[in-house]
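[1] Sequence isn't available, so here's the structure alone:
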């Protein structure tokens, strides 16, 4: 995915405070950037990080409403793997047996059914809510989805923007049982991180 230069002259008269791994923005700036990213298309996913009272969910809802789209909201901390990735199923086919009188041999591969929330057309915002509180299996799948726009064999249609939210008071990710990694080392190359001030 291309990465729009959202932070260079993004709006006349407004500048953003830049830090090495993230950008500090007001709620109004975040809303405008989300709308711009949705309109431009093909941008790097966005992550809104804020503490209590900063309202990343409300900012996304307002952005979507002003852009005339309906967001698909996924609360990752409450989801099971099948809810996010789809239900696993065995895809089987019959292979002819070398013995012409014998039955065919069944062979198959494991695939995931596309989950009901996954869009097949249109445009909008997919909200990966509370990404830093998701269980490790969903977190890994969500990060992969944000990077590639793919979930199993399904590709996210053009016109969809992925926006994740994270709580700044619990802002770390578990990679291994005894190892925690800061956001900058785990996903800084996959998201444009906006710190809500």
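    Everything's here; your move. Bear in mind that the values here come from a model prediction, so they are computed numbers and not experimental data.

[2] Which helix or which strand is home to residue 120?
    Using DSSP states H and E, residue 120 is not contained in any helix or strand.

[3] What pLDDT does the model give it?
    pLDDT, residue 120: 90.

[4] cool, and residue 138?
    Note on residue 138: pLDDT of 91.

[5] what's the next secondary structure element after the host helix or strand of residue 47?
    Residue 47 belongs to strand 46-50 when assigned by DSSP H and E. Next in sequence after strand 46-50, counting helices and strands by DSSP H and E, comes helix 56-67.

[6] what is the mean pLDDT for that following helix?
    What helix 56-67 shows for mean pLDDT is 93.

[7] what angle sits between it and strand 46-50?
    Helix 56-67 runs at 130 degrees relative to strand 46-50, counting by axes from the mean of the first three to the mean of the last three C-alpha atoms, to 10 degrees.

[8] As a check, name the ranges of all helices in the protein.
    Along the chain, counting by DSSP state H, helices occupy 27-40, 56-67, 81-85, 136-148, 183-186.

[9] Compare the ones you listed and give me the one nearest residue 194.
    Nearest to residue 194, of all the helices of the chain, is helix 27-40, at 5.3 Å by C-beta to C-beta. From N, CA and C alone the C-beta is placed, and that goes for glycine too.

[10] From the contact counts, what lies against that closest one?
    strand 46-50, helix 56-67, strand 160-167, strand 192-196 (3 or more C-beta pairs under 8 Å, 6 or more residues apart in numbering; DSSP states H and E).

[11] Now tell me what touches the longest one from outside.
    Read it as helix 56-67. The contact list for helix 56-67 (C-beta atoms under 8 Å, 6 or more residues apart in numbering) reads 27, 30-31, 34-35, 38-39, 48-50, 70-71, 73, 124-125, 127, 129, 163, 165, 196.

[12] go on, the first one?
    Around strand 46-50, the neighbours that count as contacts under C-beta under 8 Å, 6+ apart are 22, 30, 33-34, 37, 56, 59-60, 131, 161-168, 171, 183, 187, 191-196.
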